[in-house]
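> How does the following fold in three dimensions:
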Amino acid sequence: MLPVRKARRAVQQLLSWCLALALLALAWQAALVLGRYPAYILPAPLEVLRKGVLLARQGVLLRHVLVTSAEILAGLALGASSAVVAGYLVSQCSWGERILTPFVVASQAVPTVAVAPLIVIWFGFGLLSKVVVCALIVFFPMLVSTMVGLRAVPPELAELMQVLRATRWQMLLKLQLPAALPVILGGLRLSVTLAVVGAIVGEFVGADRGLGFLVNLGKGTFDTALMFVALALLVVMALGLYGAALALERKLLHWRP
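Okay, the predicted model is just below:
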């Protein structure tokens, strides 16, 4: 009975997305007809669709999507893993938080768009600079989520583990990580969308491939349909990553009501 219920829920979700997409297309077409905008300002939905199909047949879209996907996944893995490790270390000592917090807050006070040119200069125009930008933008929410989750562990349970002479490794695996996992996974859901933003920011600054490069190319040639195709693919990628993070959360936290 449970698989049938899940399948029904998935079909309902898919139908709701299709309905929302259809309503968006209708509103888009209505705005185009009423406003009488030229194609270089607001292309028609069918024109954007034809542009996407043409680029897909030529193999252009796949090449740029793979580049941006690699940047996003590598930056997300680097930023999230380093933030979880740093969050654990900081949560174990109060002086570490006092030392690290000013630097982390200062790094977030400076817009990533302003820092990205420096990163490109330091790490070059290749894949590495985009991965670093993604990692930087992902690091802060994952760090805060890890610290908050680990600090929320009930002290009486920690004292019980100490009475039972649990090692630090056992404390982490049996108590701290399971207790902090809901908050950490919540931070991951936020981070996957920020990773997409980080990759595009890096490509805006300097790149010859990727979806951000396509947006810049469309802007320079007044090819608005190309820009819409690239932006639509970015939305699809962000939704896919968010859905994957949500599925991971449901799998790891299946014990929750």
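> for the chain, longest helix please?
Taking DSSP state H as the criterion, the chain has its longest helix at helix 2-35.
> What's the first helix or strand after that helix?
Where DSSP states H and E defines the elements, the next helix or strand beyond helix 2-35 is helix 45-58.
> helices or strands up against the longest helix of the chain?
For helix 2-35, the elements it packs on are helix 45-58, judged by 3 or more C-beta pairs under 8 Å, 6 or more residues apart in numbering; DSSP states H and E. C-beta coordinates here come from the backbone N, C-alpha and C atoms, glycine included.
> Centre of the chain to the helix it packs on, how far?
26 Å (C-alpha atoms, centre = their mean, to the nearest Å).
> Pull out the buried residues from the longest helix of the chain.
28, 32 (16 or more other C-beta atoms under 10 Å).
> Do you know the pLDDT at Pro257?
The per-residue pLDDT reported for Pro257 equals 57.
> Buried ones in whatever helix or strand Leu231 lives in, by neighbour count?
Assigning secondary structure by DSSP H and E places Leu231 in helix 224-252. Neighbour counts over helix 224-252 (16+ other C-beta under 10 Å) mark 224-231, 233-234, 237-238, 241-242, 245, 249 as buried.
> looking only at pLDDT, what's the mean for it?
Mean predicted confidence for helix 224-252 is 88.
> so where's the stretch 1-150 of the chain shaky on pLDDT?
For the stretch 1-150 of the chain, applying pLDDT under 70 flags the ranges 1-7, 10, 94, 96-97.
> cutoff 80 now
For the stretch 1-150 of the chain, applying pLDDT under 80 flags the ranges 1-18, 20-21, 25, 28-29, 31-40, 91-114.
> Tell me what angle the longest helix of the chain forms with helix 224-252.
Helix 2-35 and helix 224-252 are oriented at 160 degrees to each other (axes from the mean of the first three to the mean of the last three C-alpha atoms, to 10 degrees).
> residues of stretch 65-78 that come out buried?
Buried-residue list, stretch 65-78, by 16+ other C-beta under 10 Å: 65, 67-69, 71-76, 78.
> which one of those sits closest to Ala180?
Leu76 (19.0 Å; C-beta to C-beta).
> Look up how far Val215 lies from that closest one.
According to C-beta to C-beta, to the nearest Å, Leu76 and Val215 sit 20 Å apart.
> ditto for Leu190
Look at Leu190 and Val215: by C-beta to C-beta, they are 23 Å apart.
> So between those two, which is more surrounded?
Val215 (20 against 16; other C-beta atoms under 10 Å).
> give the contact list for the more buried one.
Residues near Val215 by C-beta atoms under 8 Å, 6 or more residues apart in numbering: 200, 204, 227, 230-231.
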